[in-house]
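A.B. asks: got a predicted model here, sequence first, then my questions.
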Amino acid sequence: MEKSLEKHMTNVLNNHGVTGITCVDQNGLCLGVKGSGEAKSAGTLAAIGKLSQKLLPDMEAPVVSIESTATNVLIKSHKGHTTAIYKQT
């Protein structure tokens, strides 16, 4: 994993309530995972990011929030990469 990406992922993971992070490229290739993030969801995360941009084409980079009783997942695609941040509720 590239050192810069690993550093950014570690910084995000150190934020209050963040339990995991997954970064993927535009084709669904997993670039990095930390904490409770999951590499096996890379393709799904990339697809959600692409579809959100089609739903809201006037927005530069919409954020999709998936909420459950225990975890929130925030998904954002920007410049060919998608990031999912897992937070405890």
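C.D. replies: Thanks, I have the structure now. Numbering: from 1, shown residues only.
A.B. asks: the residue in the chain sticking out farthest from the centre sits in which helix or strand?
C.D. replies: Distance from the centre of the chain peaks at Asp58, with 20.8 Å (CA atoms, centre = their mean). Assigned by DSSP states H and E, Asp58 belongs to no helix or strand.
A.B. asks: hey, which helix is longest across the protein?
C.D. replies: helix 42-55 (DSSP state H).
A.B. asks: list the contacts of it.
C.D. replies: 22, 24-30, 59, 61-64, 75-77, 82, 84 (CB atoms under 8 Å, 6 or more residues apart in numbering). Backbone N, C-alpha and C define where each C-beta goes, glycine included.
A.B. asks: just the buried ones from these?
C.D. replies: Among these, those scoring as buried are Thr22, Val24, Gly28, Cys30, Pro62, Val64, Ile75, Lys76, Ser77, Thr82, Ala84 (criterion: 16 or more other CB atoms under 10 Å).
A.B. asks: ok, the strand or helix carrying Cys23: who's next to it in the sheet?
C.D. replies: Element membership of Cys23, judged by DSSP H and E, is strand 18-25. With DSSP bridges as the test, strand 18-25 is paired with strand 30-35 (antiparallel), strand 81-88 (antiparallel).
A.B. asks: out of those strands, which is the most enclosed?
C.D. replies: Among these, strand 81-88 has the highest mean neighbour count (mean count of other CB atoms under 10 Å), at a mean of 20.
A.B. asks: got the CA coordinates for that one in PDB?
C.D. replies: Provided in PDB are the C-alpha atoms of strand 81-88 (Å, rounded to 0.1, in the frame of the first residue of the first chain):
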ATOM      1  CA  HIS A  81     -11.400   6.600  -6.100                       C
ATOM      2  CA  THR A  82     -14.100   5.600  -3.700                       C
ATOM      3  CA  THR A  83     -13.700   5.700   0.100                       C
ATOM      4  CA  ALA A  84     -16.000   4.100   2.700                       C
ATOM      5  CA  ILE A  85     -15.800   5.200   6.300                       C
ATOM      6  CA  TYR A  86     -17.300   3.000   8.900                       C
ATOM      7  CA  LYS A  87     -18.500   4.700  12.100                       C
ATOM      8  CA  GLN A  88     -20.100   3.400  15.200                       C
END
